[in-house]
Structure formats: structure tokens, C-alpha cells
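**Student:** Dropping a prediction and its sequence here:
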Amino acid sequence: MAFAATDARADKRAATVFGALRERVLQAGNFAGKPPGFDGMGIIAKHHPALQSELVAMVSTLDARTLGVWIVPGWNEILTEQAAKDQLRAVLTTWANQNDNGLLKRTAGQAIGAVGARR
């Protein structure tokens, strides 16, 4: 019983920090390069799987026209939940099918099959 309460408090603290980092990332406004706070969101999501879908949902809202390819690699180190991996695959497919950012289109297209792949 004590472990459940401790876990719930840790999850709540993680969600609070994650939310603060999300605000910092979104306020950056320029996503050609990785914004400050993004790596922290990934670390928190890796250790708190309930936040993985939130992280993928956030990146899905970023404007593909100005999004750098930094967004494509590294997800296998963050995502452990199958639902989040499926969600990322859908985001990558959307990016691979758009025509406003050719470099993102090619990079995302190449990465679709690697989501969830073991090394």
C-alpha cells in the first residue's frame, strides 16, 4: 500500500515537471533545431510510460514545414509502450506523406520501419 502511494506521488511530480517542460518547448516557437527542454521530456516519458503518448501527441502538433529532422531519431530510446509506438508510426507516416518539408519527408519515411525495432 505504501508503494502505491509513493508511486502515485512520483507520477504526479513527473507529470508536473513534464507539463512545465512542454510549456518551455512550445514557447520556443522555432523547431528547426531541438528546443531546450525536449530531452528532459523524453527522459521523463521513458520512466513514466503514461506520458509517452502525450509526448508523441505534442510533436504531432508541430508544423512540419519548419520542423527539423532532429525530431525523427531517438524514439526507440524513449518509447516503451506499444500504443505510443503506433502513435509515433502514424505521425512519421503523416510527415512522410507531406510535401512542405522534403528533408523531413525523406527522413521520416526512412524511419517508419525502425520504430520499435530492436538493435
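**Tutor:** Noted; the coordinates are in hand. Numbers count the residues shown, from 1 in each chain.
**Student:** just checking, what's the longest helix in this protein?
**Tutor:** For the chain, the helix with the greatest residue count under DSSP state H is helix 2-28.
**Student:** Can you list the buried residues in that one?
**Tutor:** Neighbour counts over helix 2-28 (16 or more other C-beta atoms under 10 Å) mark A14, V17, F18, L21, R22, V25 as buried. Any C-beta I mention is one placed from the backbone N, CA and C, and that applies to glycine too.
**Student:** Could you check whichever helix or strand comes after it and say which residues are buried?
**Tutor:** Once helix 2-28 ends, the next helix or strand along the chain (criterion: DSSP states H and E) is helix 38-47. Across helix 38-47, burial judged by 16+ other C-beta under 10 Å covers F38, G40, M41, G42, I44, A45.
**Student:** I'd like to know which of those is nearest to G102.
**Tutor:** Closest to G102 out of the buried residues of helix 38-47 is F38 (22.9 Å), distances taken as C-beta to C-beta.
**Student:** what about Q110, helix or strand, and which?
**Tutor:** Q110 belongs to helix 102-111 when assigned by DSSP H and E.
**Student:** Quick one: mean pLDDT over that helix.
**Tutor:** Mean pLDDT, helix 102-111: 97.
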